[in-house]
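Peer 1: turn this into a structure:
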Amino acid sequence: MIAFSRREPETISLENALSAIEAGEWGRDGHGGNLVAARRAFPAAPEPWLDLSTGINPFSFPVPELLRELFTRLPEPEALRAVEQAARRAYRASESCAVVAAAGSQALVGFLPRLVPARRVGILGFTYAEHEIAWRATAAEVAIVEDLAALERMDVAIVVNPNNPDGRLVPAEDLRALAKGLARHGGLLVVDEAFVDFLPADASLVPILPEEGAIVLRSFGKAYGLPGLRLGFAVASADVAGRLRQVLGPWPVCGVAVEIGRRALTDEAWLAAARQALREEAAALDRLLAAAGVSECGGTILFRLVAHSHAAHLYEDLGRAGILVRRFAARPSWLRFGIPASESDKMRLRVALGIDRGRRT
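Peer 2: Modelled structure (predicted):
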């Protein structure tokens, strides 16, 4: 039996959550996870905060005892190649593809506009806003579209799969066909698979990645509960990968992330056990939300998206109880809940949702 350790909750406060977000204190898109801003917003909230605002595995991969030289030496090229090979096997990438390690998939999102010239960029929305932010910083025209077919005429097309925040899943074969169509006129498909790890293998484009026209981004920290390591990967053709390596430079990832990432990516038993534990905890969260009368409208095994007619009030009630969830300025009726993994956290959420006092209306 594999023992899991729960991540220590980050702490957040929300002194006037809406104004904190609008003032930019929460990050440029109001990302979750900023407990300093949350504490300012809700200074009277009890400690410690329960942070359910990020879609990160609450059962973290056990960090091994590490050699001191990982901190005192630059990462060896052989070690970097080893973690990339571990990712290749874990993601089932073919030998014809190149795997490139970076300091998190978000770093790759920011770098891509620097090495892929594009006049028209299409993003399948509503989705993770950092893709739009990164490309709007260039001279490209960026369009948010709702139809996969509308991406075919773009220079760069972006699909988050499964989607954040609603869990929408585009079949891998449809993405492969889109990539091939884009390649015919020199276009590129970017597929962000940050939340795909716990889905069946055929949900990922990586195993059937075409030789041209596509690049897949993978996150390490979300699935393994170690976002602070800042590790992610790009899977692409040799040409795109070569340009990406040039931009990233000789030491794109720290030695600690390389070593822990290699160990974790080769531990299939741990990942399988984590998947089962998350299924159980996600189901428990579903029951809890249903008991509160909150309607689920999407999500993945790492988060649940709900709709509520008074979502802003619910958000503030939870904040005053020291519980941070994710809100969306563009979708004011939506809230996203991460997975609470301990019985005490579930009880705390239950009380804050007022389940024992009856359902919310």
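Peer 1: could you use CA atoms for every contact and neighbour count after this?
Peer 2: Noted.
Peer 1: contacting residues for the residue lying closest to Phe195 once chain neighbours are set aside?
Peer 2: Spatial nearest neighbour of Phe195, chain neighbours left out: Pro162 (6.2 Å); criterion: CA to CA, 6 or more residues apart in numbering. Pro162 makes contact with Arg168, Leu169, Val170, Glu193, Ala194, Phe195, Val196, Thr300 under the criterion CA atoms under 8 Å, 6 or more residues apart in numbering.
Peer 1: helix, strand or coil for Pro162?
Peer 2: Three-state call for Pro162 (DSSP: H, G, I helix; E, B strand; the rest coil): coil.
Peer 1: equivalent analysis for Pro250, please.
Peer 2: Secondary structure, three-state DSSP: Pro250 is coil.
Peer 1: distance of it from Leu108?
Peer 2: 15 Å (CA to CA, to the nearest Å).
Peer 1: repeat that for Leu302.
Peer 2: Distance, Leu302 to Leu108, by CA to CA: 22 Å.
Peer 1: still on that earlier bit, okay, Pro250 and Leu108: which has more neighbours?
Peer 2: Comparing Pro250 with Leu108 by other CA atoms under 10 Å, the one with more neighbours is Leu108, at 21 against 13.
Peer 1: tell me which helix or strand the more buried one sits in.
Peer 2: helix 105-115 (DSSP states H and E).
Peer 1: show me the helices in the stretch 1-150 of the chain, by range?
Peer 2: Assigned by DSSP state H, counting those that start in this stretch, the helices in the stretch 1-150 of the chain fall at 17-22, 35-41, 69-72, 77-91, 105-115, 130-136.
Peer 1: may I have the second one as PDB, with CA atoms only?
Peer 2: Just to be clear, that refers to helix 35-41. Provided in PDB are the C-alpha atoms of helix 35-41 (Å, rounded to 0.1, in the frame of the first residue of the first chain):
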ATOM      1  CA  LEU A  35      -2.700  33.400   0.000                       C
ATOM      2  CA  VAL A  36      -1.100  36.800   0.800                       C
ATOM      3  CA  ALA A  37      -3.800  38.600  -1.200                       C
ATOM      4  CA  ALA A  38      -6.400  36.400   0.300                       C
ATOM      5  CA  ARG A  39      -5.400  37.200   3.800                       C
ATOM      6  CA  ARG A  40      -5.500  40.900   3.000                       C
ATOM      7  CA  ALA A  41      -9.000  40.400   1.600                       C
END
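Peer 1: centre of the chain to it, how far?
Peer 2: Mean-position distance between helix 35-41 and its chain equals 22 Å (CA atoms, centre = their mean, to the nearest Å).
Peer 1: which other helices and strands contact that helix?
Peer 2: When contacts are defined as 3 or more CA pairs under 8 Å, 6 or more residues apart in numbering; DSSP states H and E, helix 35-41 sits against helix 17-22.
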